[in-house]
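Engineer: Can you look at this prediction? I've put the sequence above it.
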Amino acid sequence: MRAFTYAAPTDLSSALARLGAPGTHAVMGGGTDLVNSMKSYIETPADIVDLQGIQELQALDTSGDPVQIGVGVKLVDMLASQPLMQLFPILQDAANVVATPQLRNVGTVGGNLCQRPRCWYFRSVDFNCLRKGGTECYAILGQNQYHAILGGLGCFIVHPSDLAPALIGLGAQAVIGSASGTRSIPLESFFIGPEVDVHRENVLVPGEMLVRIDVPRPAAGQRGVFLKSRGRQTWDFATTAAAVSLVMSAGTCTSARVVLGGVAPVPWRSPDAEAVLQGRSITPAVAAQAAAAAVKLARPMQYNAYKVDQVQVLIQRAILQAAGQGGS
Ligand SMILES: Cc1cc2nc3c(=O)[nH]c(=O)nc-3n(C[C@H](O)[C@H](O)[C@H](O)COP(=O)(O)OP(=O)(O)OC[C@H]3O[C@@H](n4cnc5c(N)ncnc54)[C@H](O)[C@@H]3O)c2cc1C
């Protein structure tokens, strides 16, 4: 691990001012990913800004519209907020299956959304892959069973966060802070794929950090479901995941969001699947049609074709459950 300086500010403006100073900084939520990334030289900050002492980042305000979730809120505290879970059961689905109880006790919302990819070539000190400044993606000809089937361009990581697809399904906004103020963008625009920049996974530039997630209050008849497949029932990332949020009115779907996890370098929103659902009564046949639309551009590699079938099953189940038709 490279030597670093460390600061633990107690207010947000001091943290942002420190990030604005010249040098390479990293912010730390719970540190569950950052410290490992530093040990394997994926991250080599000269200065760490620990956010854990900043009260305003730990605020969770469910009283207004939008609902505001500070990036310092721990996953365990998110799950313990009854008002939040009642408003957005999809967040309970997602947060409950992140990692392990121990990691949820320490990991934060900001850290979960900004964690680095888990690709084993990226994480290994033995491979200097494209994302780390090398010249090739070793997954293309290598062990690619956990890699992308959609949207990879030169690099086939998958986005690791379970919260991200669920929050995008809810139409969340990302509030980004810097020494010069804050800006708000749709969370789906926060994440960038290798076609934009192969060396980072989000739009943040030096001096910026994620400050808050704003979630619009649910519309009448809105229901969301998040489903995840994984190799083990705990301590494991999604092989595939599906977040579906529907607004149903008199048996018709008036609005739909379908966002996939574990299949692409970014949380993968599918306008094609959403178009199938819009204005329709939800039946198993319609759900299957939407699932097929979601993967029509899939390009699996040697070992990950199973993801095409697996994610379609999750999408169908999530659509039927979100439409109030059960499904297992
Ligand atoms: C064994 C294991 C299993 C896991 N399984 C899952 C899983 O199934 N699903 C899942 O979703 N996650 C999983 N995770 C990831 C886990 O949820 C993350 O480690 C955790 O959410 C990160 O939170 P943290 O607060 O500790 O982040 P940190 O380690 O503090 O930060 C992670 C990264 O985000 C950056 N960062 C942190 N906060 C901000 C911010 N506010 N603005 C900008 N950048 C920021 C840091 O600089 C760092 O690069 C797993 C992790 C482990 C180790």
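Structural biologist: Thanks, I have the structure now.
Engineer: Test for you: state the pLDDT assigned to residue 325.
Structural biologist: What the model reports as pLDDT for residue 325 is 89.
Engineer: can you tell me how far residue 47 sits from residue 74?
Structural biologist: Residue 47 is 24 Å from residue 74, where distance means C-beta to C-beta, to the nearest Å. Where you see a C-beta, it was placed from the backbone N, CA and C, and this is true even at glycine.
Engineer: ok, those two, which is more surrounded?
Structural biologist: Set residue 47 next to residue 74 and count neighbours by other C-beta atoms under 10 Å: residue 74 wins out with 20 against 16.
Engineer: can you give me the helices for the stretch 201-328 of the chain?
Structural biologist: 271-277, 284-294, 306-322 (DSSP state H, counting those that start in this stretch).
Engineer: Turn those into JSON lines, columns for mean neighbour count, mean pLDDT and distance to residue 237.
Structural biologist: Below are those laid out as JSON lines (neighbours: other C-beta atoms under 10 Å; pLDDT from 0 to 100; distance: least, C-beta to C-beta, whole Å):
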{"stretch": "helix 271-277", "mean neighbour count": "20", "mean pLDDT": "98", "distance to residue 237": "22"}
{"stretch": "helix 284-294", "mean neighbour count": "20", "mean pLDDT": "98", "distance to residue 237": "20"}
{"stretch": "helix 306-322", "mean neighbour count": "22", "mean pLDDT": "98", "distance to residue 237": "13"}
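Engineer: Turn those into TSV, including distance to residue 260.
Structural biologist: Compiled in TSV, these are given as follows (distance: least, C-beta to C-beta, whole Å):
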stretch	distance to residue 260
helix 271-277	9
helix 284-294	7
helix 306-322	6
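Engineer: between the ones you listed, which one is nearest to residue 246?
Structural biologist: helix 306-322 (4.4 Å; C-beta to C-beta).
Engineer: on contacts alone, who are the packing partners of the closest one?
Structural biologist: Contacts defined by 3 or more C-beta pairs under 8 Å, 6 or more residues apart in numbering; DSSP states H and E place helix 306-322 against strand 222-229, strand 240-249, strand 252-261, helix 284-294.
Engineer: Tell me which residues are up against the helix or strand harbouring residue 16.
Structural biologist: Using DSSP states H and E, residue 16 sits in helix 12-20. For helix 12-20, the surrounding residues in contact (C-beta atoms under 8 Å, 6 or more residues apart in numbering) are 7, 9, 25, 27, 47, 49, 51, 54, 56-57, 177-180, 206-209, 211.
Engineer: what's the helix or strand for residue 53?
Structural biologist: Here residue 53 is assigned to no helix or strand, by DSSP H and E.
Engineer: Number the residues from 16 up from this point.
Structural biologist: I'll keep to 16 as the first residue from here, and by that count the last item is residue 68.
Engineer: And the pLDDT at it?
Structural biologist: For residue 68, pLDDT reads 97.
Engineer: so what's residue 303 up against?
Structural biologist: 327, 331.
Engineer: Check the gap between the residue in the chain sticking out farthest from the centre and the ligand for me.
Structural biologist: Most distant residue from the mean C-alpha position of the chain: residue 265, 31.9 Å away (C-alpha atoms, centre = their mean). Distance of residue 265 to the ligand, given as C-beta to the nearest ligand atom, to the nearest Å: 36 Å.
Engineer: same thing with residue 315?
Structural biologist: 22 Å.
Engineer: isn't that residue right up against residue 326?
Structural biologist: No - judged on C-beta atoms under 8 Å, residue 315 makes no contact with residue 326 at a distance of 10.9 Å.
Engineer: Need the three-state assignment for the residue in the chain that the ligand sits nearest to.
Structural biologist: The nearest approach of the chain to the ligand comes at residue 126, 2.0 Å away (C-beta to the nearest ligand atom). Of the three states, residue 126 takes helix under DSSP: H, G, I helix; E, B strand; the rest coil.
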